[in-house]
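Q: Predicted model and sequence follow; I will ask about them next.
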Amino acid sequence: MKELQPFKMSKRFENVKLISAAAAKTPHDLIPLSFGFPAKEAYDVSLMAKCSSKAIEEGGYKSFEYGGATGPSRIVKWLKKRSEIRGIYAPEENILVTTGSGQAMDILARGLTNEGDEVWVEAPTFFGALRNFTLAGLKCRGFEIDENGLKVDLVEEALVAAKNNGLPMPKFIYIMPNFHNPGGVTLSLERRMKLAKLALAYNFFIIEDDAYTELNFSERVLPAVYQFAPQRVIYMSTFSKTIAPAIRMGWLVAPPEIIMQLRSLKADGSTSVLMQEIVAAYLETIDFDDHVGNISKLYKSRLDAMIKAIDDYLGDEVTYTAPEGGFFLWLTFKEEVATSLFEELALEKGVSFILGEHCYAENEEKNHIRLCFSYCDEEMCKEAIKRIAEAYYEKYPVKKLV
C-alpha cells in the first residue's frame, strides 16, 4: 500500500489555545476543580427516565420527527414566563432555543459581526466565549472587573475616545452579570443601567450571558440588563447548570430581526425536538423553585468549605471575592506569582484548576486561578485546596504548610 502523504491542517485557528487541564494525563484520584460541572446529587436520574418515557408515549411518532409534538412550544412558553422574574417581558417569537449556550455564542458571533470586527469583553471573562469569538475572526478587547462587576466607567471612556478619534467601535459587549465566570462577582444595578444607556447611545449590542442566575445563595435578585434596553440587549441562558449539561439546551431572547438572522445561521435547524419534549415534561413535573433552591444550598455549603480551607492553608497569600451564587471562585495570588509554575505539580498531587491567563483576551494576568466548587463535596474541596497549597509552597516557599 502506498504511504500516505502528510495532510496539511487549517492554519486559520492557530491562535486558539488548548487548555492544558483539559488534556493532561492525571491520576485516577484527581479532584477536578477545573471545569464547571454540576454536582452529581443535582441529577434526578429516575425522574428524568420517567419523563423521557412519558414524553415519547404522549408525543408518539411526532416526537421523532423534525418538528416534534408539543414540547418545543411548551419550552418556549415556560421560558417566557420564567424570564419575567428578571424583568424580561418578551413575546414567544423573540425566544430562540439553541443547542446549548455554546451554539448561542457561535451564531451570535457570526450573525452580528464581520471578520475583523472588534468586540469588547470583561477581563477576565469566560474562556469558552473567547474561543467562540476567536473562531469567528473577531478582535477582542478586555475591560477590567472589580467586586461590582464590569467597570462601566472604563467602557464609557473607551467609547468616547473611539468616537472622537475614529477608532473601532464594538459590535457587541459580552458580559456575565450574575455570579461571573470566572470572577464570581455580580454587576451592580447602577452599572447595569449605565451600560444599557451606553448601548443605546453608541449603537452596539450587549450579549448578556446569564448562565448561573438561578444558582443564587442570597436574597438579592437584580433585574436583567435586558430590562433597561431590550432593543440592544440579547439575553442568553442555559439548562446546563440547573438540569444537566448533556441535554445541550440553551436559549436567546432578542429583537425579532435578530432572531430571524440567527435562525438562518443555526445549521442544525431545530435543537433536538425529542430532548425538548423530555425537558418540557421534566419542567412540568418538578417544582423548579424548590429544585434550584436545594442545589443552591448544596453549592453554598461547598463554597463555604472551600473558602475556609483557603483561609486556613493559603491565608494572606491570596485574595478573593466570595460569590453570591454560581460555580466559581477566582483566586488571586500576589503579583509576582505565576500560577502556571505550580499547575503541573498540582496535577501530580491530584487536583486540577484553570489558569487565570486563559480568561484574558489581552494583557494576560498570570497570578490567578479559577476554582469550581460545585462538583466536589466539602471534604474533597478541603483536600483539593490543601494540595494546591502544597504545590504553591513548593514553588514559592514563603512558609511551611501546617
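A: That came through, no problem.

Q: Packing partners of the top strand by length along the chain?
A: Determined from DSSP state E, the single longest strand within the chain is strand 139-146. Packing partners of strand 139-146 (3 or more CB pairs under 8 Å, 6 or more residues apart in numbering; DSSP states H and E): strand 118-123, helix 127-135, helix 152-165. For the C-beta atoms, the positions are set from N, CA and C on the backbone; glycine is no exception.

Q: Return the most buried member of the ones you listed.
A: Using mean count of other CB atoms under 10 Å, the stretch among the helices and strands packed on strand 139-146 with the largest mean neighbour count is strand 118-123, at a mean of 24.

Q: List the neighbouring strands of that strand plus their orientation.
A: Each strand paired with strand 118-123, and its direction, by DSSP bridges: strand 139-146 (parallel), strand 172-175 (parallel).

Q: What residues sit buried inside the longest strand of the chain?
A: 139-143, 145 (16 or more other CB atoms under 10 Å).

Q: got it, and stretch 215-233?
A: 215-217, 222, 224-230, 232-233.

Q: What is the nearest of these to V155?
A: V155 lies nearest to V225 out of those, by CB to CB, at 12.8 Å.

Q: if I look at the closest one, how far off is S188?
A: Distance of V225 to S188, computed by CB to CB, to the nearest Å: 11 Å.

Q: Check E364 too.
A: In terms of CB to CB, E364 sits 26 Å off from S188.

Q: would you turn the buried residues of stretch 215-233 into JSON lines with pLDDT, secondary structure and distance to F37?
A: Shown next, in JSON lines, are these (pLDDT from 0 to 100; DSSP: H, G, I helix; E, B strand; the rest coil; distance: CB to CB, whole Å):
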{"residue": "L215", "pLDDT": "98", "secondary structure": "coil", "distance to F37": "13"}
{"residue": "N216", "pLDDT": "97", "secondary structure": "strand", "distance to F37": "19"}
{"residue": "F217", "pLDDT": "97", "secondary structure": "coil", "distance to F37": "18"}
{"residue": "L222", "pLDDT": "96", "secondary structure": "coil", "distance to F37": "26"}
{"residue": "A224", "pLDDT": "98", "secondary structure": "coil", "distance to F37": "25"}
{"residue": "V225", "pLDDT": "98", "secondary structure": "helix", "distance to F37": "27"}
{"residue": "Y226", "pLDDT": "98", "secondary structure": "helix", "distance to F37": "28"}
{"residue": "Q227", "pLDDT": "97", "secondary structure": "helix", "distance to F37": "31"}
{"residue": "F228", "pLDDT": "98", "secondary structure": "helix", "distance to F37": "33"}
{"residue": "A229", "pLDDT": "98", "secondary structure": "coil", "distance to F37": "33"}
{"residue": "P230", "pLDDT": "97", "secondary structure": "coil", "distance to F37": "33"}
{"residue": "R232", "pLDDT": "98", "secondary structure": "coil", "distance to F37": "34"}
{"residue": "V233", "pLDDT": "98", "secondary structure": "strand", "distance to F37": "29"}
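
Q: Widest-spaced pair of those residues?
A: F217 and R232, at 30.4 Å, using CB to CB across those.

Q: okay, now the domains of the protein?
A: For the chain, automatic domain parsing gives the domain ranges 20-44+290-395, 55-285.

Q: where along the chain do the helices fall?
A: Under the criterion DSSP state H, the chain contains helices at 20-23, 45-59, 71-83, 100-112, 127-135, 152-165, 189-202, 256-265, 273-285, 288-313, 343-349, 378-395.

Q: Identify the residues contacting Y392.
A: Neighbour list for Y392: 314, 317, 333, 337, 342 [criterion: CB atoms under 8 Å, 6 or more residues apart in numbering].

Q: Repeat that for V398.
A: E317.

Q: what separates it from E317, distance-wise?
A: From V398 to E317 the distance is 7 Å (CB to CB).

Q: What of A229?
A: For A229, the distance to E317 - CB to CB - is 42 Å.

Q: same question, K80
A: Relative to E317, K80 is positioned 48 Å away (CB to CB).

Q: ditto for F239
A: For F239, the distance to E317 - CB to CB - is 38 Å.

Q: Comparing those two, which residue is more hemmed in?
A: F239 (24 against 18; other CB atoms under 10 Å).

Q: Hmm, that one is touching M249, no?
A: Yes. Counting by CB atoms under 8 Å, M249 is a contact partner of F239 at 4.8 Å.

Q: what is in contact with those two at once?
A: Joint contacts of F239 and M249 (CB under 8 Å, 6+ apart) are V279.

Q: before we move on, back to that, which one of the domains of the chain lies closest to K11?
A: domain 55-285 (13.0 Å).

Q: quick revisit: just the closest of the buried residues of stretch 215-233 to D289, please.
A: Nearest member of the buried residues of stretch 215-233 to D289, counting by CB to CB, is N216, at 11.0 Å.

Q: list the contacts for that closest one?
A: Counted by CB under 8 Å, 6+ apart, N216 has contacts 178-179, 292, 296, 324-325.

Q: Pipe these into TSV and attach pLDDT, distance to L112 and neighbour count per row.
A: Formatted as TSV, the contacts of N216 follow (pLDDT from 0 to 100; distance: CB to CB, whole Å; neighbours: other CB atoms under 10 Å):
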residue	pLDDT	distance to L112	neighbour count
N178	98	22	29
F179	98	25	24
V292	97	30	19
S296	98	33	18
E324	97	30	18
G325	98	28	21
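
Q: now, the most widely separated pair of those?
A: Farthest pair in the contacts of N216, by CB to CB: V292 and E324, 14.2 Å.

Q: That'll do, ta.
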